[in-house]
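Q: fold the following and give me the result.
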Amino acid sequence: MIIYGVALLAVCTLAGVIVGDFLGVLLGVKSNVGGVGIAMILLICARLYMHRNGGMSKECEFGVGFWGAMYIPVVVAMAAQQNVVTALHGGPVALLAAVGAVLVCGATIAVISRSHRGAPLPTEPGPESNVQAAPAGGR
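A: Model (predicted):
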């Protein structure tokens, strides 16, 4: 049942937000610190615990799996939006760091893809091609 997935996701999200806010207070930051990541870890742990202890029917498992898969892209989009807003308010240094990180990652990917060209395929047949199939009649 998909509703169980929604309930488990809601509980994990609320727990993650509460723990993240508490960590922010402990660290003296006026922000949620790691609440999204904590919620995702709680969701994974709860799903594994329920699966191991037989607390999940097949329908419940599909519901939890569906909402768990939906949760990750939504959270990534929300975090990306917050990072962009923070970077714009942070000034040119934050934007320069973001653009520099993208350029360095792109250059690294280009270097890796060019340096790991696959070996050419052999033109001679391998030893597997010398094996002859047995006739269909058994002789």
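Q: flag every buried residue along the helix or strand Leu48 falls within.
A: Here Leu48 sits within helix 35-52, counting by DSSP states H and E. By 16 or more other Cβ atoms under 10 Å, the buried positions in helix 35-52 come out as Gly35, Val36, Ile38, Ala39, Met40, Leu42, Leu43, Ala46, Arg47, Met50. Using the backbone N, CA and C atoms, a C-beta is placed for each residue, glycine as well.
Q: would TSV of those residues with pLDDT and distance to Gly16 be doable?
A: What follows is the buried residues of helix 35-52, written out as TSV (pLDDT from 0 to 100; distance: Cβ to Cβ, whole Å):
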residue	pLDDT	distance to Gly16
Gly35	82	5
Val36	79	6
Ile38	85	4
Ala39	84	3
Met40	80	7
Leu42	87	6
Leu43	82	8
Ala46	84	11
Arg47	81	14
Met50	81	18
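Q: so in this protein, where's the weakest helix or strand by average pLDDT?
A: helix 58-90 (a mean of 69; mean pLDDT, DSSP states H and E).
Q: ok, then the element right after that helix?
A: Next along the chain after helix 58-90, taking DSSP H and E as the criterion, comes helix 92-115.
Q: now for that following helix, which elements pack on it?
A: Contact here means 3 or more Cβ pairs under 8 Å, 6 or more residues apart in numbering; DSSP states H and E; on that basis helix 92-115 packs against helix 58-90.
Q: just say helix, strand or coil for Gly54.
A: What DSSP: H, G, I helix; E, B strand; the rest coil gives for Gly54 is coil.
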